[in-house]
Each structure stands twice: as structure tokens, then as C-alpha cells.
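Trainee: Here is a sequence with its predicted model. Questions after.
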Amino acid sequence: MTHPPKGSAAPPGPGTPTVPSVPPQHHQGTRPPAPASPPAPPPTPPTPRRRTAFAEGADRLRTAATTEPGRLRIIGAVLALLVVTFGAVTAWQVTDRAAAADDVLHRSQPLSSDAADIYRSLADANTAASSGFLAGREETGVNRVRYEKGIRTAAAKLVNAAANSEPGSPSAATVAKLNRLLPEYKGLIEQARTYNRQGFPVGGAYLRYANEKMQQEMLPAAEDLYKKENQRLRADYGDATPYPWAAIALGVIALAALAWAQHRNYRRTNRVLNHGLVAATAATTVVLLWLVVGHSVARAGLNDSYDHGVRSLNVLHDARIASLKARGNENLTLVSRGAETKKVGDETFDAYDYDFTQDMETLGKGLAQAEKLADDAPGEQPVTAAVGNMTEWKKRHAAARAEDENGEYQQALDKVIGAKGTTGECFDSVDANLAAALKHETTEFERAAGDGLDAMSGLSTGAAVLAVLAAAGAVLGIGRRLSEYR
């Protein structure tokens with residue numbers, strides 16, 4: 001019996017199942033590989049982002065600039081834009097300056113004068129009250145009327161100032177303070193008068209207390225209001241007088257662009273004039289000249305109104321107030337009879353007489369400055385007369401003080417409030433002359449400021465209309481050239 005070779009498998013016999021062979025590359029226990037996936041489709045290119053309108057417009061502009069008709073259209077559009085912008089800026093800047101000039105003439109300066117009148121009226125009422133107190137039972141109706149007039153004037157001016165001040169502003173707070181203090185002051189004066197008529201010495205104490213309220217609270221508040229209104233006046237001048245440089249620069253640029261366009265047209269066509277561009281140039285030139293000349297005239301008028309109006313008015317107001325304060329202190333010197341003293345260095349003075357001396361020095365300086373500022377005879381004459389009145393006042397006051405210091409009280413009183421040759425006559429003359437000077441300077445201010453405002457009237461509207469006409473002329477002139485390419 002033949003055996004198969006050792007190490008070899010026996011052939012399958014009958015009935016033995018056949019086991020399929022395993023391919024050599026696969027091992028028992030491993031999963032056959034999955035069929036290969038189809039290749040990925042190629043990536044879709046990104047959708048191009050839509051271009052902005054600005055970019056598309058820039059492309060069209062570059063394309064148009066490569067042809068002469070396109071260049072002409074661009075030139076026409078730029079010229080029209082320049083001229084219209086010039087007209088708009090001119091109208092805007094001139095309108096602002098005209099509004100500020102109108103405020104100077106009709107708002108700021110009148111309010112500044114009202115504030116000065118409040119101060120002056122309060123000081124005048126205080127002076128009249130002290131003069132009436134000195135007269136005692138023989139008080140004349142003139143002093144009483146003057147006192148009442150001062151109080152009424154101050155009250156009316158305060159109402160006007162309150163109506164024109166912005167709510168919550170410092171000026172409004174000052175006006176409210178004065179409105180509160182005014183009735184308190186009037187009450188003290190009435191009590192002083194009542195006790196004085198009855199012969200009670202306490203009346204003098206009430207008068208001094210009323211004067212203290214006036215000098216330490218009311219007049220400083222009125223002075224503060226006056227300063228605030230002057231600041232607003234200066235601010236309005238600052239808005240009205242600067243040159244409109246932006247409009248002037250745009251006008252020069254527009255004229256330069258129009259000149260270049262006409263020169264370019266001449267070089268390409270040998271035609272000297274293009275009617276549309278010439279009309280645009282003429283209109284632009286008129287606006288620019290009107291702007292420069294008109295504003296220069298307005299500026300000169302406003303500067304003149306400040307130099308020879310506002311400055312003179314301020315000096316005269318200060319001088320008039322100083323004279324009123326001096327008169328009040330002169331009266332109180334006799335009322336107090338040395339009860340109030342002031343120590344300056346090693347010397348002791350009567351407080352009211354010392355203040356009188358200081359007020360007269362202020363008055364003298366103010367009158368000297370007012371004489372320098374006066375630029376014509378009608379303005380200088382009353383100031384010169386006031387200087388003479390002040391000199392005489394000082395002489396009479398010195399004589400009255402000498403009588404008082406010698407114990408001659410009645411003689412001193414007669415020299416202050418008597419019937420003739422009194423210091424009161426000198427004070428009245430100073431006050432009347434300063435009032436005349438103020439009236440003249442107010443007229444001068446209104447004339448100069450009015451001339452400045454009139455120089456700008458119609459300029460903003462005229463500039464806008466002429467600018468539109470100039471733009472139309474530029475477009476028509478360029479359109480004439482474009483018609484030659486059709």
C-alpha cells in the first residue's frame with residue numbers, strides 16, 4: 001500500500017467535502033477591503049463678489065477720460081460743482097456774519113446799555129435817597145421824583161434783561177438776585193425816611209444799612225450783569241468781523257478752474273471765447289468781488305462802531321456811574337457825621353469821604369479817556385464841559401468839608417444841598433453833560449453798525465443766484481463743445 005509522502009496532505013477521499021482555499025493575500029480574521037469610492041468632483045470656483053457702485057463708476061470714469069467727449073463731461077461737472085459750492089459757502093458764511101452784525105446792532109449793544117442803565121439807575125436812586133434824607137422834613141419833590149424814577153427805570157430794565165437772558169444762564173441768575181434785592185432796598189429807604197421825618201436818629205442807621213446793601217450787593221451784581229452783557233457783545237463782534245476765508249478760497253479756486261478750462265479750449269480749438277464759460281467766469285468774479293468788497297466795508301463799519309461807539313459808551317457809562325457814587329458818598333459823609341471810618345495805612349479817614357475821593361479820581365480818569373476817544377466836536381464838547389464841572393465840584397466839596405470839620409454842620413450842608421453854589425449843582429451839570437455825550441455816542445454807534453450791516457444785505461441771496469447762473473453757463477459752454485462730436 002502506497003503512502004503519501006511525509007509532510008504532504010492526503011488526497012481527499014470519496015465523500016470528503018472540499019474546502020475552498022483561502023487566497024494567500026488574506027488572513028483569517030480580517031475583513032475584505034471595501035470597494036473603492038468614486039473620485040470627488042473638482043471644487044466649484046467661488047462666485048466673484050459684485051463690485052461696488054463706486055468702483056464701477058470709477059471704471060466708467062476712467063473709460064470716459066480716454067475720449068475727448070468724456071473728458072469734457074468731467075470738466076463740465078467739476079466746474080459746475082466748484083461754482084455751486086462757492087456760492088453755497090458764500091451764502092452760509094455771509095448769513096452767519098450778517099446775523100451776528102444784526103445782534104450787535106439790535107440785541108447785544110442795547111442789552112449792554114440796559115445793564116449799564118440798571119447800574120446807573122440804582123446808583124442814582126441811592127444818591128437821590130441820601131440827598132432827600134439830608135433835607136429831612138424839607139425834602140423837595142425833586143429828590144423824591146428822582147428816586148422813584150431811578151427805581152422804576154431799574155425795574156423796567158431788569159424786566160427787559162430777564163426777557164432776553166437764557167434760562168439758567170449766569171445773567172438770568174444775576175437778574176433774579178437784583179429783583180429780590182430791589183424790594184428789600186426800597187423797604188429800608190422807606191423806614192429811614194419815616195424815622196427821619198419823626199426826628200429819630202435811627203433813620204440814619206437805616207439809610208446807612210440801605211446804602212451798604214446797595215454798595216455791597218446790588219451794585220456789584222449790576223456791575224457783574226454789565227460785564228456779562230459786554231462779553232456777549234464782544235463775542236458777537238468776534239462772529240461778525242472775521243473774513244470768510246473759506247468762501248474766498250473757493251472763489252479763487254473756481255476762477256482758476258474756469259480760466260484753465262478756457263485756456264484748454266483755446267489750445268484745442270483756436271477759439272478765443274466760449275460764451276458759456278465767459279458768462280460763468282464773469283458771474284463768479286462778481287460774487288468774489290462782492291464778497292471781498294462788501295465784507296470789507298461791513299467790517300470797517302463794525303470796527304468803527306466798536307472803536308468810536310462801544311468803547312466811548314463804556315467809558316462814559318463808567319464815568320457817569322463814578323459821579324453818581326461820588327455824590328452818594330458825599331451825602332453820606334454828612335449823614336454819618338464821622339460814624340463810619342476807614343483805616344488806610346497809619347491814617348484813619350471818614351469812610352464815605354475817602355470813597356468820595358476814590359470815585360472822583362475814577363471820574364477824572366474816565367473823562368480824560370472819553371476826551372481822547374471823542375472824534376468830533378459834538379462828542380467832545382459835553383465831555384470837556386463835564387471836566388470843568390468836576391473841577392468846580394472838587395473845590396466846593398473841599399470848602400464844605402472844611403466847614404464840617406470846623407463844626408459848622410449847617411454851613412457844610414448848605415454847600416452840598418443848598419439853594420445856590422452847591423456841589424449838587426456841579427453834580428447835576430456833570431450828569432447832564434455825560435448824558436448828552438452818551439446820547440451822541442449812541443447815535444454814532446447805531447450809524448456805523450447800521451452801515452456795516454447794510455453792506456452785507458443781499459449778498460447771501462445774490463451769491464446763491466449768481467452761482468447757479470455761473471454753473472449753468474459752465475454746463476452750457478461745455479455742452480457747446482460736446483455738440484461738435486455728434
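Mentor: Here it is on my side, so go on. Residues are numbered from 1 along each chain as shown.
Trainee: and Thr63, how many neighbours does it have?
Mentor: 10 (other CB atoms under 10 Å). For every residue, glycine as well, the C-beta is placed using N, CA and C.
Trainee: and what of Leu469?
Mentor: 19.
Trainee: Quick check: mean pLDDT of the helix or strand hosting Val430?
Mentor: For Val430, the enclosing helix or strand under DSSP states H and E is helix 423-455. In this model, helix 423-455 has an average pLDDT of 92.
Trainee: ok, and for that helix, which residues are buried?
Mentor: 423-427, 429-431, 433-434, 436-438, 440-442, 444-446, 448-449, 451-453, 455 (16 or more other CB atoms under 10 Å).
Trainee: So which elements touch the helix or strand following it?
Mentor: Later in the chain than helix 423-455, the nearest helix or strand by DSSP H and E is helix 459-482. If contacts are counted by 3 or more CB pairs under 8 Å, 6 or more residues apart in numbering; DSSP states H and E, helix 459-482 sits against helix 68-103, helix 245-269, helix 275-305.
Trainee: now the angle from helix 459-482 to helix 245-269?
Mentor: Per axes from the mean of the first three to the mean of the last three CA atoms, to 10 degrees, the angle that helix 459-482 makes with helix 245-269 is 20 degrees.
Trainee: for Thr348, helix, strand, or coil?
Mentor: strand (DSSP: H, G, I helix; E, B strand; the rest coil).
Trainee: With Thr384 as the reference, measure out to it.
Mentor: Using CB to CB, to the nearest Å, we find Thr348 at a distance of 37 Å from Thr384.
Trainee: more neighbours, these two?
Mentor: Between Thr348 and Thr384, Thr384 has the larger neighbour count (other CB under 10 Å), namely 16 against 11.
Trainee: The residue positioned nearest the centre of the chain: what's its closest spatial neighbour, skipping adjacent residues?
Mentor: By CA atoms, centre = their mean, the chain has its centre lying nearest to Ala235, at 3.2 Å. Among residues not flanking Ala235 along the chain, Ser108 sits closest, at 8.0 Å (CB to CB, 6 or more residues apart in numbering).
Trainee: Confirm for me that Asn230 is in contact with Ser112.
Mentor: Yes. Between Asn230 and Ser112 there is a contact under CB atoms under 8 Å: 5.3 Å.
Trainee: Show me which of the two is the more surrounded one.
Mentor: Between Asn230 and Ser112, counted using other CB under 10 Å, the more crowded position is Ser112 (25 against 19).
Trainee: distance of that one from Asp353?
Mentor: Distance from Ser112 to Asp353, by CB to CB: 32 Å.
Trainee: Now do the phi/psi pair for Lys343.
Mentor: phi -100, psi 130 (degrees, to the nearest 10).
Trainee: Flag the shaky bits of this protein, pLDDT-wise.
Mentor: 1-51, 53, 57, 61, 64-65, 136-140, 271, 338-339, 485-486 (pLDDT under 70).
Trainee: rerun at 80
Mentor: Applying pLDDT under 80 to the chain flags the ranges 1-70, 131-143, 196-201, 204, 268-273, 335-350, 418-419, 480-486.
Trainee: and the closest residue to Ala259 other than its chain neighbours, how many residues sit next to it?
Mentor: Spatial nearest neighbour of Ala259, excluding adjacent residues (CB to CB, 6+ apart): Thr281 at 7.1 Å. Applying other CB under 10 Å, we find 24 residues neighbouring Thr281.
Trainee: mind checking the SS state of Thr66?
Mentor: Per three-state DSSP, the local secondary structure of Thr66 is coil.
Trainee: how many other residues sit next to it?
Mentor: 8.
Trainee: do you know how far it is from Thr269?
Mentor: 20 Å.
Trainee: what about Ala162, which helix or strand?
Mentor: Short version, using DSSP H and E: Ala162 is in helix 141-164.
Trainee: Other residues contacting that helix?
Mentor: 107, 111, 114-115, 117-118, 121-126, 128-129, 131-132, 135, 171-172, 175-176, 178-179, 182, 186, 189, 225, 229 (CB atoms under 8 Å, 6 or more residues apart in numbering).
Trainee: Out of these, which end up buried?
Mentor: Looks like those have 107, 111, 114-115, 117-118, 121-126, 128-129, 131-132, 171-172, 175, 178, 182, 186, 189, 225, 229 buried, using 16+ other CB under 10 Å.
Trainee: Stretch 389-405: which residues count as buried?
Mentor: Asn389, Met390, Trp393, Lys394, Arg396, His397, Ala400, Arg401, Glu403, Asp404.
Trainee: In helices, which of those residues fall?
Mentor: Per DSSP state H, helices hold the following members of the buried residues of stretch 389-405: Asn389, Met390, Trp393, Lys394, Arg396, His397, Ala400, Arg401, Glu403, Asp404.
Trainee: Quick check, the first one in contact with Thr423.
Mentor: Read that as Asn389. No. If you go by CB under 8 Å, Asn389 and Thr423 don't touch, sitting 10.4 Å apart.
Trainee: Let me have the helices and strands packed on helix 459-482 in a markdown table, extended by distance to Lys343.
Mentor: Output for the helices and strands packed on helix 459-482, formatted as a markdown table (distance: least, CB to CB, whole Å):
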| stretch | distance to Lys343 |
| --- | --- |
| helix 68-103 | 48 |
| helix 245-269 | 58 |
| helix 275-305 | 46 |
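Trainee: Glu361 is nearest to which of those helices?
Mentor: Glu361 sits nearest to helix 275-305 of all the helices and strands packed on helix 459-482, at 29.8 Å, using CB to CB.
Trainee: Moving C-terminal from the closest one, which element do we reach first?
Mentor: Assigned by DSSP H and E, the successor of helix 275-305 is helix 311-336.
Trainee: mind checking how far the closest residue to Leu105 other than its chain neighbours is from Gly276?
Mentor: Once flanking residues are discounted, Leu105 sits nearest to Ala449: 4.4 Å by CB to CB, 6+ apart. Distance of Ala449 to Gly276, computed by CB to CB: 42 Å.
Trainee: and if you look at Met214?
Mentor: 73 Å.
Trainee: chain center to the helix or strand containing Ile189, what's the gap?
Mentor: Using DSSP H and E, Ile189 sits in helix 170-197. Offset of helix 170-197 from its chain centre (CA atoms, centre = their mean, to the nearest Å): 32 Å.
Trainee: What is it packed up against?
Mentor: Short answer (3+ CB pairs under 8 Å, 6+ apart): helix 170-197 packs on helix 109-135, helix 141-164, helix 202-213, helix 219-240.
Trainee: List the buried residues for the last one?
Mentor: Neighbour-count burial for helix 219-240, counted by 16+ other CB under 10 Å, picks out 219, 221-226, 228-230, 232-233, 236-237, 240.
Trainee: Could I get the CA-only coordinates of that helix as PDB?
Mentor: Provided in PDB are the C-alpha atoms of helix 219-240 (Å, rounded to 0.1, in the frame of the first residue of the first chain):
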ATOM      1  CA  LEU A 219     -24.300 147.500  42.600                       C
ATOM      2  CA  PRO A 220     -21.700 144.600  42.400                       C
ATOM      3  CA  ALA A 221     -24.500 142.400  41.000                       C
ATOM      4  CA  ALA A 222     -25.400 145.100  38.400                       C
ATOM      5  CA  GLU A 223     -21.800 145.500  37.500                       C
ATOM      6  CA  ASP A 224     -21.500 141.800  37.000                       C
ATOM      7  CA  LEU A 225     -24.500 141.800  34.700                       C
ATOM      8  CA  TYR A 226     -22.900 144.700  32.800                       C
ATOM      9  CA  LYS A 227     -19.700 142.800  32.300                       C
ATOM     10  CA  LYS A 228     -21.500 139.700  31.100                       C
ATOM     11  CA  GLU A 229     -23.500 141.700  28.500                       C
ATOM     12  CA  ASN A 230     -20.300 143.300  27.400                       C
ATOM     13  CA  GLN A 231     -18.700 139.900  26.900                       C
ATOM     14  CA  ARG A 232     -21.700 138.800  24.800                       C
ATOM     15  CA  LEU A 233     -21.300 142.000  22.800                       C
ATOM     16  CA  ARG A 234     -17.600 141.300  22.200                       C
ATOM     17  CA  ALA A 235     -18.500 137.700  21.200                       C
ATOM     18  CA  ASP A 236     -21.000 139.000  18.600                       C
ATOM     19  CA  TYR A 237     -18.400 141.300  17.200                       C
ATOM     20  CA  GLY A 238     -16.000 138.300  17.000                       C
ATOM     21  CA  ASP A 239     -18.600 136.400  15.000                       C
ATOM     22  CA  ALA A 240     -19.400 139.300  12.600                       C
END
